[in-house]
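In: Provide a 3D model corresponding to the input given below.
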Amino acid sequence: MTRLGFVLDSGSCIGCHACTVACKSEHDVPLGVNRTWLKYVETGTFPDTDRHFSVMRCNHCDDAPCMAICPTSALFRADNGVVDFDDGNCIGCKACMNACPYDAIYINPATSTAHKCNFCNHRVTEGLEPSCVIVCPTRAIRVGDLDDPDSEISRLHADGGLVRSPEQGTRPKVVYAGADPSSLDPLASAIGPDGLIWVDTTPDHATPTPVALSAAPTRTDGADMARTTYTTKHKPTWGFMVAGYLVTKAVAAGVMLVAALLVLLGHGSEQAAVGVVPPIVAGAFLALTGALLVGDLKQPARFHYLLTRGNRTSWLVKGAYVLGGFAACCAAWWLAGLADAGGVLPVLIVPTVLLALGTAGYTAFLFAQCEGRDLWQQPILLPILLAQAVMAGGAAYAVLDLFMHLPRAGEIRLAFVLGLVATVLLVAVELAGRHSRHVTMAIAELTRGAQRSRFLTWLATSAAASLLVAPNLGEVPTAIGGLVALVGLFAYEDAYVRAGQSVPLS
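Out: Take a look at the predicted model:
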C-alpha cells in the first residue's frame, strides 16, 4: 500500500502551462475546464514586484470530503492512495464540487459527470509517470510516496512544506516547495480592477470582492493583499433549484408538523383539515422536492443510483431514505384520514413528526459535508431549518384557511409567527457571531454584496407577513401573509446558497 502525492516546486516553475496542455491532451479535457491549471500571483509594489506561479489541482486528500459526500462512490480511493473517479457511477449531483476545498472538481461538458486530476492513474499503474511530470521543463512537478520516509515528498512534508487550506483537516497529499503563501491562500490575493493578463475576466473568475475584502481585509500573515494576474474560472455549482428544494421540503415537513399539533390538541377527528388535506399537500411538495433534486442532476436518468449504488456516508443518500420514509408516513396518514379513522392518527404522530423534522433538517448535515463552503457548516443551520419548517407549515395552512374550516386557527397563526420570528432571530445570531475570514466574507456578500437585494427581500417579506398574520385581520390577509412569507423564504435560501459559494477556493 502506497500513498502517492505530488511535490510542486513553485520556486522552479516558470509558468509555461506545459502541464496544463499535457493534461488536456492526455485526458481529452474539453475547453473551458481543467484538471490542472496555473495561477499567477504578483506581490509587492511597482517597481519592486515579484510574480509567483503555483500549479493547482486535486490534492488526493487522505481524508477526502469528496469521497464522503459522493452518493454513489463514483469518487473512490485506489490502492496507491490516489482519489480516482468512475464515470459509470456518477449522477452529476455536483456535491463533490462543494465538498472539495480546492476547487479541483468540474463537470465534464462532454460526459456530464464529475472529473478531476486522477494522478494519470492509468499511467502510474503501468510504471509510468503522470503526463504533467514528464513534460515539465524544470522538474517543478514530481511525485513520491508519503509512506516512504526517505522520499522527497516525505522529507519536504516533514520539513515544513506548504499545503493548501490545512485548516480544513483533509490531509492533502500535494506539498509545495518554495511557494509564496499568497499564491496558495485564495483569500490572500484578488483580481485587480483592470482584470487579468491575456484573458477577459468574467463573473466565473472567483475573487474576493471589495465588499468581502472590506469585511475581512487582512491576510493571515499580516502582509498586503497580493494581486491575482492569471487563474481559471469556476462557475458556482448550485443555484435556484437547490434553493427551491429547501423551500418545498420545508413546506412538506411543516404542514405535517402542524397537522400533528392539531391531533395533539384533540382535533384528530377533523377529516379534511387534519386527516386528508395535509398529507396531500405534503405529498405534492415532496414530489416537487424530488423533481427539483432530479432536475438539478447532470445525469438525471441515473437518479435511482442513490438507492441501488448508495454510499451510506453521504447525506444525499441518507436524505433520500429520510424523504422516502416521510413519504410513506404521509401516505399512511392520508389513508387513515380517508377512512375517517381518527383514532389511528395519534399512533402515526411519533414517526411522522420525527421524519418531518428529519426532512426539514437533514440538509444541515449535507451542507456540513461541503468542506469547501464554510458558511454552510455553521452549527446554527439546523435550528434555522427547523424554524423555517414551522413557519412554512403555518404559511401553507394560512392559505388552506381560504378553502376549508380550520380548527384552532389562532394557534396555527401563532405557530406561523413564532416560526417566522425564530427564523429571523436565529439568522441574526448567525450574522452577529465571530467567524473565520471565509464565513465573514460570505456573510458580507449575503448582507452587503451581490445577494443584498435577495436578503433585503426576505427581511421585507418577513416583516410584511408578520403584520398581515399576527393581528388576525381575516382569512384573506392571513393567506396573503403566508404566500409572502414563502416568497421571502425562497429569496433568503437563494441568497444563502449563492453567498456560500461566493468565496473563492483557488
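
In: looking at this structure, which helix or strand is least sure?
Out: helix 152-158 (a mean of 78; mean pLDDT, DSSP states H and E).

In: Residue ranges in the protein under the pLDDT threshold?
Out: 1, 218-223, 342 (pLDDT under 70).

In: can you give me the strands for it?
Out: 4-9, 37-45, 48-56, 75-77, 83-85, 106-108, 113-115, 141-145, 174-177, 189-191, 226-230 (DSSP state E).

In: To residue 462, which of those lies closest?
Out: Residue 462 lies closest, by CB to CB, to one member of the strands of the chain: strand 189-191, at 33.6 Å. To be clear about C-beta, it is placed using only N, CA and C from the backbone, and glycine gets the same treatment.

In: so what strands line up beside the closest one?
Out: Strand 189-191 pairs in its sheet with strand 226-230 (parallel), by DSSP bridges.

In: Now do the partner strand against strand 48-56, angle only.
Out: On the basis of axes from the mean of the first three to the mean of the last three CA atoms, to 10 degrees, strand 226-230 is oriented at 60 degrees to strand 48-56.

In: what's the angle from strand 226-230 to strand 37-45?
Out: Angle of strand 226-230 versus strand 37-45, following the same axes, to 10 degrees, is 140 degrees.

In: start at 32 instead
Out: Shifting the count to begin at 32 puts that one at strand 257-261.

In: what residues does strand 257-261 touch?
Out: Residues outside strand 257-261 that contact it (CB atoms under 8 Å, 6 or more residues apart in numbering): 69-74, 82, 211, 213-214, 219-223, 227-230, 238.

In: Please, a PyMOL command that selects the buried ones among those?
Out: Burial among the contacts of strand 257-261 is assessed by 16 or more other CB atoms under 10 Å; the matching PyMOL selection reads:
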select buried, resi 69+70+71+72+73+74+82+211+213+214+219+220+221+222+227+238
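
In: gap between the least confident helix or strand of the chain and the chain center?
Out: In terms of CA atoms, centre = their mean, to the nearest Å, the centre of helix 183-189 is set 33 Å apart from its chain centre.

In: Does anything pack onto it? Which helices or strands?
Out: strand 35-40, strand 172-176, strand 205-208 (3 or more CB pairs under 8 Å, 6 or more residues apart in numbering; DSSP states H and E).

In: and the first one, how far from the chain's centre?
Out: It stands for strand 35-40. From the chain centre to the centre of strand 35-40 is a distance of 28 Å (CA atoms, centre = their mean).

In: try the second one
Out: Between the mean C-alpha point of strand 172-176 and the mean C-alpha point of its chain there is a distance of 32 Å (CA atoms, centre = their mean).

In: Please apply the same query to the shortest one.
Out: If you compare the mean C-alpha spot of strand 205-208 with that of the full chain, they lie 27 Å apart, counting by CA atoms, centre = their mean.

In: In terms of secondary structure, what does that strand contact?
Out: strand 35-40, helix 183-189.

In: For the ones you listed, give me CSV that also has mean neighbour count and distance to residue 245.
Out: Compiled in CSV, those are given as follows (neighbours: other CB atoms under 10 Å; distance: least, CB to CB, whole Å):
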stretch, mean neighbour count, distance to residue 245
strand 35-40, 25, 32
helix 183-189, 18, 36
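
In: Tabulate these (JSON lines), appending distance to residue 501.
Out: What follows is the helices and strands packed on strand 205-208, written out as JSON lines (distance: least, CB to CB, whole Å):
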{"stretch": "strand 35-40", "distance to residue 501": "59"}
{"stretch": "helix 183-189", "distance to residue 501": "60"}
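
In: Just tell me which of the ones you listed ends up closest to residue 309.
Out: Using CB to CB, these put strand 35-40 closest to residue 309, at 54.6 Å.

In: if we can go back for a sec, which one of the strands of the chain lies closest to residue 319?
Out: Using CB to CB, these put strand 137-139 closest to residue 319, at 24.3 Å.

In: Can you tell me the strand partners of the closest one and which way each runs?
Out: When DSSP bridges is applied, strand 137-139 pairs with strand 144-146 (antiparallel).

In: what does the strand it pairs with contact?
Out: Counting by CB under 8 Å, 6+ apart, 58, 60, 64, 66, 105-106, 116, 118, 121, 123, 125, 127-128, 136-139, 329-330 sit against strand 144-146.

In: Inside helices: which ones of these?
Out: Members of those lying in helices (criterion: DSSP state H): 58, 127, 128.

In: Scan the residues you listed and report the most crowded one.
Out: Neighbour count (other CB atoms under 10 Å) singles out residue 127 as the most crowded of the ones in helices among the contacts of strand 144-146, with 29 neighbours.

In: Can you name the residues that contact the closest residue to residue 45 other than its chain neighbours?
Out: Once flanking residues are discounted, residue 45 sits nearest to residue 169: 5.9 Å by CB to CB, 6 or more residues apart in numbering. By CB under 8 Å, 6+ apart, residue 169 lies in contact with 40, 43, 44, 45.

In: just to revisit the earlier point, in PyMOL, how would I pick out whichever of the contacts of strand 144-146 are buried, leaving the exposed ones unselected?
Out: Buried residues among those (16+ other CB under 10 Å), as a PyMOL selection:
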select buried, resi 58+60+64+66+105+106+116+121+123+125+127+128+136+137+138+139+329+330
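
In: about what we covered before: how about JSON lines for the contacts of residue 169, with distance to residue 313 added?
Out: Putting these into JSON lines (distance: CB to CB, whole Å) gives the following:
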{"residue": "40", "distance to residue 313": "58"}
{"residue": "43", "distance to residue 313": "61"}
{"residue": "44", "distance to residue 313": "57"}
{"residue": "45", "distance to residue 313": "61"}
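
In: ok, so of the residues you listed, who is nearest residue 434?
Out: Lowest distance from residue 434 to the contacts of residue 169 (CB to CB) belongs to residue 44, with 67.6 Å.

In: follow-up on the earlier one: tell me which residues are up against the least confident helix or strand of the chain.
Out: Contact partners of helix 183-189, identified using CB under 8 Å, 6+ apart, comprise 36-38, 173-180, 192, 204, 206, 208.

In: Of those - the most surrounded one?
Out: Neighbour counts for those, by other CB under 10 Å, peak at residue 36, which reaches 29 neighbours.

In: Bridged to that one, which residues?
Out: Applying DSSP bridges, one finds that residue 36 bridges with residue 175.

In: is it true that it touches residue 91?
Out: Yes: contact status for residue 36 versus residue 91: in contact at 6.5 Å, counting by CB atoms under 8 Å.

In: shared neighbours, the two?
Out: By CB under 8 Å, 6+ apart, residue 36 and residue 91 have these common neighbours: 112, 204, 205.

In: Can you name the residues that contact the nearest residue to residue 42 once chain neighbours are set aside?
Out: Spatially, and ignoring its direct neighbours in sequence, residue 42 is nearest to residue 209 (2.7 Å; CB to CB, 6+ apart). Counting by CB under 8 Å, 6+ apart, residue 209 touches 40, 41, 42, 43.

In: Just flag the most distant two among those.
Out: Spatial extent of the contacts of residue 209 (CB to CB) is set by the pair 41 and 43 at 7.5 Å.

In: So between these two, which is more surrounded?
Out: More neighbours surround residue 41 than the other of residue 41 and residue 43, with 21 against 16 (other CB under 10 Å).

In: Return the residues in contact with the more buried one.
Out: Residue 41 touches 83, 84, 85, 86, 171, 207, 208, 209, 210, 211, 214, counting by CB under 8 Å, 6+ apart.

In: Understood, closing this out.
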